[in-house]
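Undergrad: Just the structure for this:
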Amino acid sequence: MPDATVFIVDDDADVRDSLRALLESARFRVDDYASARAFLTAYTPECGGCLVADIRMPDMDGLALQEEVARRQTGLPVIIITGHGDIPLAVRAMKAGAIDFIENVTLG
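TA: Okay, the predicted model is just below:
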């Protein structure tokens with residue numbers, strides 16, 4: 001999918017910047033958002049790609065975002081990232097359809 005975009009949603013600007021730099025160096029198109037609400041407002045179903053979301057964010061966390069993306073039937077694959085993961089969170093994310101759960105992300 002040549003127009004596919006990696007959507008990064010994380011409230012930490014340093015993490016967003018680091019992930020963007022890494023993914024763009026591998027020639028991915030990247031859009032990033034500081035909140036789940038900002039992403040949901042901007043996202044349209046015609047946009048192909050995948051979502052990389054932090055699990056711990058104020059207002060709406062990554063798991064709630066994942067559930068909303070699934071509810072909207074976007075077909076957007078979701079990868080959950082966190083620096084504070086545990087087995088119950090990983091299980092919940094995977095059962096909700098995450099394609100991966102990456103723990104101990106320390107970027108920036």
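Undergrad: Tell me the buried residues in stretch 40-57?
TA: Tyr43, Gly49, Cys50, Leu51, Val52, Ala53, Asp54, Ile55, Arg56, Met57 (16 or more other C-beta atoms under 10 Å). In this view, the C-beta of every residue, glycine as well, is placed from N, C-alpha and C.
Undergrad: Can you say which two of these are spatially most distant?
TA: The span of the buried residues of stretch 40-57, defined through C-beta to C-beta, is set by Gly49 and Arg56 at 22.7 Å.
Undergrad: Quick check: which helices or strands does the helix ranked longest in the chain pack against?
TA: For the chain, the longest helix by residue count, based on DSSP state H, is helix 13-25. Using 3 or more C-beta pairs under 8 Å, 6 or more residues apart in numbering; DSSP states H and E as the contact criterion, the neighbours of helix 13-25 among helices and strands are strand 5-9, strand 29-33.
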